[in-house]
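> need a 3D model of the sequence below.
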Amino acid sequence: MTLFFKDSKIGEESALFIYRKKDGKDAKATTLIVRPPIIGRFSEKWGRNSYPLNLPKWSQIVPSDGGSNLETTILLASHHKNVARSKPYNTLGREMIAKRADWDFSFSVNGGFSYFSLYWDWLEDVLSRCKHLLDVTHLYSAVFASLFTYDYDENLMKAFCECWSPSTNTLHTSIGEISITPWDLSILGGLPCTGAFYDEVVPNAQELDGINDQGRPYLPYSCRYLFLAYHHLQNRLKKQGKVSVRDWITFWYRGTSKYSAPRKPARRTTIPKYSQNPSGEIKEHGPWLDKEHGVFVDLQVEGDLKEETYLSALLSCWLCIFVFPIKDQNNIRPGTFKIASSIANGRSFGLASPVLASIYRGLNTISSSSTPSKSGASFAIHYVYAWVGHFFRSNRLTHDKPSDALMTKYSGVGYVSPFNEFSARKHIRNATNFLWHRTAFKKNYDQTFIDNNHLSVQKFDYFMSLRSGYLSLRCEDQHIVEAYSPHRFSRRFGFYQDIPGDLKEEIHTGSLKDLCQFYQSFTCCNTDSKIFIPAFATDFGSRVRHSYKQWWERVCGNDFTKGTDLLADIASFPVKPLTSNKPQKGKRELQDPYIPQPLSAFARRRLEDGNHSKDSSQHNEVTCSQGTKSPFVVPVRDAIKISEDEVCNDLGSNWRHSKSPMEGVDPENSINHAHLFANSESSISKPSAKSSDLRRCKFADVGTSSKFPIETERSPLQFLQSTKPPEVSVFQAKAHISSVRRKGASMLGDVLLNRLSNLSVDTILPQAEVHEIYSGVESFGVDPQHLRENVDKYCEGIADYLKMKESLNKRPSPVILSQRQTEVEFLLSEASQKKASLKTELDAVKLRMVDLKTELVQLELSLSQIETHQVEQDNVVQDLEEQLEEVKSAPVLEDQDIEALEKIRILLEDNRSSLKDLKWMS
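Numbers count the residues shown, from 1 in each chain. Predicted structure coming up:
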């Protein structure tokens, strides 16, 4: 099966046309929008423009401001002001308290990883066959993490999002700011911090078909097979424009299914026996079966490209559903084909920072929405689930998975500890259980990292997470930019927290050049920058400068003293958010979420409608509307803010609407609650039957209503003609005044009693507000002594209970004890392994010392022998030196001597010749 690619346009947009016929007359052509790439052969040459600027030193030693002479080390930032704000930061929690946002009962976010039929079976097969290819790009652990699902507690995640601030990209707690880092995603999710920029776009035909000067294709050939499969599925399924994840999986994986969809357990109080996820054991693969090999036959994949193409197909699916589920989560995005085939071909991509950018953007979308559960945010929130479980210790640990990605320890269904509305918000907002040092660099000594060629990959990734900058992500037409400010939560790295400045410039999107340069600036290496790395310790959370404590308390105000109870109540009884922040007629503008606000006109009408009796002839009683599906709720503290003037004014307005003096309130018709205290041993949480209607309503309505309508009964006498001389009517003003006062006092008592009965035993009303009720009752001339005795006794019991609970909470529960035991066992296992490793090293050193001692003896013996030989050699050298002197002093044979000798020789030869003729005898 062959395909032909052609570049063309659809309107003003460039497009890639995929044909099965070379002439381009294919009626079933696939068309995909093509956008300019940031990386690759056909991208522009952006150059390097480092913004924000790189600092030569990212840490600084400053004097302590706590009154001691010690010095502290703080973390610096490069794109922030030196001036900090004094006003509160926006959070979802503040918006909810101000009635401008509401959860609408549910927590729903798109992008969380869920079960896909056959995906786990396919993934196990790919991990078995292609492990060596994934190890090249260090992605095995990251891909392995998608072999599991990740559960969450709804109340806990609501509390998390309520504390998230879009202004700072941090979690705001009572003890400071916290946030997620690229290093966290590397440790938890196995995502690489460095590599090429993640550029998800469809390539053009020239890039798909072209080759470079060395004869190599611009893109791996496996990329063509992915487009071939996509085109095939579009034509086969007749779904032009979309190919579902399910269809993609069933096309590539022809094996059998072993796993079914996990189901949430009905009860979450016990630890489940099974995680309903795969075991994590990757078995060795066998040869391709005929049906499994069929996909390569259909696509005519060459033999040496089978594994690479098989892995590329899975990676494109993994990127769509697990790493970047930011759009069309249930469909395959062709823009991932270029990235997936490049990874399978051995190219590394930096995924941690773009994933973090998508997480920041998703959390900001939720926190900025008036209805967060309908915000439309879509991102890989399962990384957040694992992060919360890891740092806030909110999960029951599953068995250890054979993976370097720690998030797999928090996988499975039903392993999240259950939280209610109050405990979840207390757990997140107080952050007392947060483990600041959980992913810190574990060295028991101080270090200084210098960004040069000598830093290991792990150390550079940690260094990179300490630098401030902008995170960027490009997914087709989406350009995401989010600020990263580690100096706002520097305790996580062991630094002392100082007052952080705000951003110089808030940037949320940018051009292609901006995205590229932001990524290059954030991941740049070999800058020769330095940073001090504090030694690992468990007291990171307490490393706060005194000035920061004062600043944080001033900025947060009442957020963490009153907000926890209010948000828990709001979560229990949601309120529809106000559509406008502008003050309406007769209302004041909501300036502070903690200032009690009057009831809206709509809610007041609902309350008045509910107060009307079905039968006008019945006794006149003050009731609240019942059976409404969407009750209007305001902050709890408003429920007991009723002044004497308000009650008197309300009653006076009803008196002014009376038609005749005979329409006054009958003392016998008033609600009498005296019987509630007839028995001092009776429970104060059981009001009378008549007041049960008040208890069923939302008492915030009663407490904040500026009107208490009392419907009076019209006297039929006013419509009759008088036939006799008028008689003098007895008005009984004192009786009416007494009745009204008793009603006012009774209403105040009902508000307090019903508020106490609705509160959980874990919550206590402030005594100052309770005393305001007592004072209000006394202002009506009614003695609140009986009410005071019973309420104070109940409150004292609650206080004693809370003290006992606080004392008992210091003792770990079985679940927490099990978690701590597991953590300690894990740390003990690490320490034991390190101890064993050190022992092995020690034994090796000792053996080496023995060898060295033996070698030393041998060397000493050799030394003695060498010294003896050296003496002998010295004598030899001395003799030779003497001979040398003799040689040097010996006469030298010169040319004159040779000539004289030659003359003598000639003379002797002549003499020898004359000897023949010598006549020596006479």
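
> ok, longest helix in the chain?
Longest helix in the chain, counting residues (DSSP state H): helix 814-889.

> what is it packed up against?
For helix 814-889, not one helix or strand is in contact under the criterion 3 or more CB pairs under 8 Å, 6 or more residues apart in numbering; DSSP states H and E. C-beta coordinates here come from the backbone N, C-alpha and C atoms, glycine included.

> run the chain-centre distance for whatever helix or strand comes next after that helix.
Sequence-wise, the next helix or strand downstream of helix 814-889 (DSSP states H and E) is helix 895-916. When distances are taken as CA atoms, centre = their mean, to the nearest Å, helix 895-916 is centred 115 Å away from the chain's centroid.

> what does stretch 202-220 give?
On CA atoms, centre = their mean, the centre of stretch 202-220 falls 38 Å from that of its chain.

> break this protein into its domains for me.
Domain segmentation of the chain under automatic domain parsing yields 45-114+149-198+349-591, 117-148+207-348, 596-714+731-809, 814-906.

> adding mean neighbour count, mean pLDDT and distance to K919, write those domains out as TSV.
As requested, those are exported to TSV (neighbours: other CB atoms under 10 Å; pLDDT from 0 to 100; distance: least, CB to CB, whole Å):
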stretch	mean neighbour count	mean pLDDT	distance to K919
domain 45-114+149-198+349-591	19	88	105
domain 117-148+207-348	18	90	105
domain 596-714+731-809	16	54	150
domain 814-906	10	82	24
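
> just put the ones you listed in TSV and tack on distance to K21.
Below are the domains of the chain laid out as TSV (distance: least, CB to CB, whole Å):
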stretch	distance to K21
domain 45-114+149-198+349-591	28
domain 117-148+207-348	12
domain 596-714+731-809	60
domain 814-906	61
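
> whatever helix or strand R246 lives in packs against which elements?
Element membership for R246, per DSSP H and E: helix 245-252. On a contact count with 3+ CB pairs under 8 Å, 6+ apart, helix 245-252 meets helix 119-129, helix 222-237, helix 306-318.

> can you tell me what sits against that helix?
Contacts with helix 245-252, where a contact means CB atoms under 8 Å, 6 or more residues apart in numbering, come from 116-119, 122, 229, 232-233, 237, 295, 310, 313-314, 316-317, 320-321, 329-332.

> rerun that using 7 Å as the cut-off
With contact meaning CB atoms under 7 Å, 6 or more residues apart in numbering, helix 245-252 is reached by 116-119, 122, 229, 233, 237, 295, 313, 317, 320-321, 330-332.

> out of those, what pair is the most spread apart?
V295 and N330 (21.4 Å; CB to CB).

> of the contacts of helix 245-252, closest to K504?
The shortest gap between K504 and any of these belongs to C320, at 35.8 Å (CB to CB).

> that closest one and Y119: what is the separation?
Relative to Y119, C320 is positioned 11 Å away (CB to CB, to the nearest Å).

> and Y470, by the same measure?
Going from Y470 to Y119 by CB to CB gives 34 Å.

> and D874, by the same measure?
Distance from D874 to Y119, by CB to CB: 84 Å.

> nearest residue to L55 in space, please, no chain neighbours.
Nearest-residue entry for L55: S78, 5.2 Å, with adjacent residues in sequence omitted and distances by CB to CB, 6 or more residues apart in numbering.

> next: K443.
That would be F536: by CB to CB, 6+ apart, it lies 5.7 Å from K443.

> so what does the one you found have for phi and psi?
Torsion angles at F536 (phi, psi; degrees, to the nearest 10) stand at phi -70, psi 140.

> ok, now which ones touch it?
So F536 contacts 437, 440-444 (CB under 7 Å, 6+ apart).

> where does F5 fall, helix, sheet strand or coil?
strand (DSSP: H, G, I helix; E, B strand; the rest coil).

> please report how far the nearest residue to it once chain neighbours are set aside lies from R333.
Distances taken as CB to CB, 6+ apart place A205 nearest to F5, at 3.7 Å, with adjacent residues excluded. Computed as CB to CB, the A205 to R333 distance reads 19 Å.

> same question, R263
Using CB to CB, R263 is found at 29 Å from R333.

> so what's the residue most central in space within the chain closest to, chain neighbours aside?
Nearest to the mean C-alpha position of the chain, by CA atoms, centre = their mean, lies V384 at 4.0 Å. Leaving aside its sequence neighbours, V384 sits nearest to I359 (CB to CB, 6+ apart; 6.3 Å).

> could you do L92 as well?
S367 (4.2 Å).

> so the one you found is in contact with F160, correct?
No - using CB atoms under 7 Å, S367 is not in contact with F160, being 10.0 Å away.

> how long is stretch 555-564 end to end?
One end of stretch 555-564 sits 17 Å from the other (CA to CA, to the nearest Å).

> again, but for stretch 437-452
From its first residue to its last, stretch 437-452 covers 26 Å (CA to CA).

> contact partners of it?
Under CB under 7 Å, 6+ apart, the answer for stretch 437-452 is 183-184, 187, 390-391, 455, 459, 462-463, 492-494, 525-538, 540.

> try stretch 375-392
The contact list for stretch 375-392 (CB under 7 Å, 6+ apart) reads 109-113, 150, 152, 156, 160, 180, 184-185, 188-189, 322-327, 329, 355, 358-359, 361-362, 365-366, 369, 394-395, 406-407, 410, 427-428, 433-435, 438.
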